[in-house]
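Engineer: how would this look folded up:
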Amino acid sequence: AFVPAVYDAKQRYSHLLKHASLGLDPGDVRRGLFYFGRNLADVPIKSHFQLLVDEILHPFYIFQVWSVVVWYLEPYILYATAIAVISLVSALVSLVSARRNLEKIKEMALFVCPVTCRRQDSQGVVESKVIESTQLVPGDVVELEGNFVFPCDMVLCSGSCVVNESMLTGESLPVLKAAVPVFSGFGEEGHYSPSQDKRFTLYCGTKCLEARRQGKES
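Structural biologist: Numbers count the residues shown, from 1 in each chain. All right, here's what the predicted structure looks like:
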């Protein structure tokens, strides 16, 4: 049976912080692209033929076809021809409208931006490189900056940032996000939870207004 690839984000805080200092190696990046694909909300668009078939198979048009056949047999040829022409034009107009709406939705969902990502090279040396957001894979370490729209959900591992989440919540006031806590070594270490640790989570589509690293603006 087909099982979709799932990235387990519920990891220990210390594991997230350790991984943030290392980044992914080339092998991890290749596996991430293979299993999860590109970081892109790709809206599929049906062909004109598929849209036409879907439109014709609507119960209303099926009834119209049977009605036209009956009227031709009566024979109400002129009336049947008029109804057939009107139904065909109506189906074509609906097809064009549906196609345009799908294209607009695809254009709205398509978002690509440059991001500064920390990755290891073939020698294991961590370096910062600018890549397209479509090349991000789960586990990538991204360096934030002000006036930046998040191309995917992220966990803030160091520093802090001010985020505009109005497109999600409708709240006009910016939200302050903090980094995941450092484990002190006493007690039980916490695990990151996307549903409970919203103060550490940066959501896709929201905008970073200001990013700070170690008390300094970045």
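
Engineer: what sits against P26?
Structural biologist: 119-122 (CB atoms under 8 Å, 6 or more residues apart in numbering). The way it works is simple: take the backbone N, C-alpha and C, and place the C-beta from them, glycine included.

Engineer: Please list only the buried members of the residues you listed.
Structural biologist: Buried by 16 or more other CB atoms under 10 Å: 119-120, out of the contacts of P26.

Engineer: From the contacts of P26, pick the one nearest L51.
Structural biologist: Proximity to L51 was ranked across the contacts of P26 by CB to CB; first place goes to R119, at 42.0 Å.

Engineer: before we move on, which element is that closest one in?
Structural biologist: strand 114-120 (DSSP states H and E).

Engineer: The helix or strand following that strand - contacts with which helices or strands?
Structural biologist: For strand 114-120, the succeeding helix or strand toward the C-terminus, using DSSP H and E, is strand 126-132. Counting contacts by 3 or more CB pairs under 8 Å, 6 or more residues apart in numbering; DSSP states H and E, strand 126-132 packs against strand 114-120.

Engineer: Could I get the buried residue list for the strand it packs on?
Structural biologist: Buried residues in strand 114-120, counted by 16+ other CB under 10 Å: 115, 117-120.

Engineer: Any chance of TSV for those residues, columns distance to Q196 and pLDDT?
Structural biologist: Compiled in TSV, the buried residues of strand 114-120 are given as follows (distance: CB to CB, whole Å; pLDDT from 0 to 100):
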residue	distance to Q196	pLDDT
V115	27	93
C117	27	91
R118	27	90
R119	29	91
Q120	31	89
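
Engineer: chain center to stretch 118-127: distance?
Structural biologist: From the chain centre to the centre of stretch 118-127 is a distance of 27 Å (CA atoms, centre = their mean, to the nearest Å).

Engineer: Compute the first-to-last residue distance for that stretch.
Structural biologist: Stretch 118-127 has an end-to-end distance of 6 Å (criterion: CA to CA, to the nearest Å).

Engineer: Please apply the same query to stretch 43-58.
Structural biologist: Stretch 43-58: ends 23 Å apart by CA to CA.

Engineer: for stretch 33-48, which positions count as buried?
Structural biologist: Buried residues in stretch 33-48 (16+ other CB under 10 Å): 36, 39-40.

Engineer: now D28: how far from D54?
Structural biologist: Distance, D28 to D54, by CB to CB, to the nearest Å: 41 Å.

Engineer: what about the biggest helix by length in the chain, average pLDDT?
Structural biologist: Under DSSP state H, the helix in the chain containing the largest number of residues is helix 77-109. When pLDDT is averaged over helix 77-109, the result is 89.
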